[in-house]
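**Q** got a structure for you, letters missing:
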């Protein structure tokens, strides 16, 4: 699949989800077990990214690592984990 088709596929899926999704009406809590499950998905996507990089399927590798980062950002925004991206840490060191 070409990179253009792959991107179009993911954009279309995201557009459809945004049109159809429902926002929870009550406060949502994320327990430790669910956080651990999402962390396992993060590790799986990272492993996929490494695998596809080795196979020279860079578009699939990029997609996998983007999923990985998206899940990490979501966990951080929900307050389930805490971290800073390495590029943010470097920027802070330079600013000092």
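**A** Great, that's in hand. None of these values were measured; they are calculated from a predicted model.

**Q** name the element the spatially closest residue to residue 3 that is not a sequence neighbour belongs to?
**A** Ranked by C-beta to C-beta, 6 or more residues apart in numbering and with sequence neighbours excluded, the top spatial neighbour of residue 3 is residue 59, at 4.4 Å. Every C-beta, even on glycine, is put in place using the N, C-alpha and C of the backbone. Using DSSP states H and E, residue 59 sits in helix 58-77.

**Q** which helices and strands does that helix pack with?
**A** helix 3-20, helix 32-54 (3 or more C-beta pairs under 8 Å, 6 or more residues apart in numbering; DSSP states H and E).

**Q** ranking these by mean pLDDT, which is last?
**A** For the helices and strands packed on helix 58-77, mean pLDDT drops lowest on helix 3-20, to a mean of 87.

**Q** quick check: angle from it to helix 58-77?
**A** Counting by axes from the mean of the first three to the mean of the last three C-alpha atoms, to 10 degrees, helix 3-20 lies at 30 degrees to helix 58-77.

**Q** what's in contact with helix 3-20?
**A** 1, 59, 60, 63 (C-beta atoms under 8 Å, 6 or more residues apart in numbering).

**Q** now do 7 Å
**A** Applying C-beta atoms under 7 Å, 6 or more residues apart in numbering, the contact partners of helix 3-20 are 59, 63.

**Q** just stretch 24-37 next, same as before
**A** 75, 78, 80, 81.

**Q** For residue 35, see how far away the residue nearest to the last one when sequence neighbours are not counted is.
**A** Read it as residue 81. Distances taken as C-beta to C-beta, 6+ apart put residue 75 closest to residue 81, at 4.5 Å, once the chain neighbours are dropped. From residue 75 across to residue 35, the span is 6 Å (C-beta to C-beta, to the nearest Å).

**Q** Between the two, which is the more surrounded one?
**A** Taking other C-beta atoms under 10 Å, residue 75 and residue 35 do not tie; residue 75 has more neighbours (19 against 15).

**Q** residues contacting the more buried one?
**A** Neighbours of residue 75 in contact, by C-beta under 7 Å, 6+ apart: 35, 38, 81.
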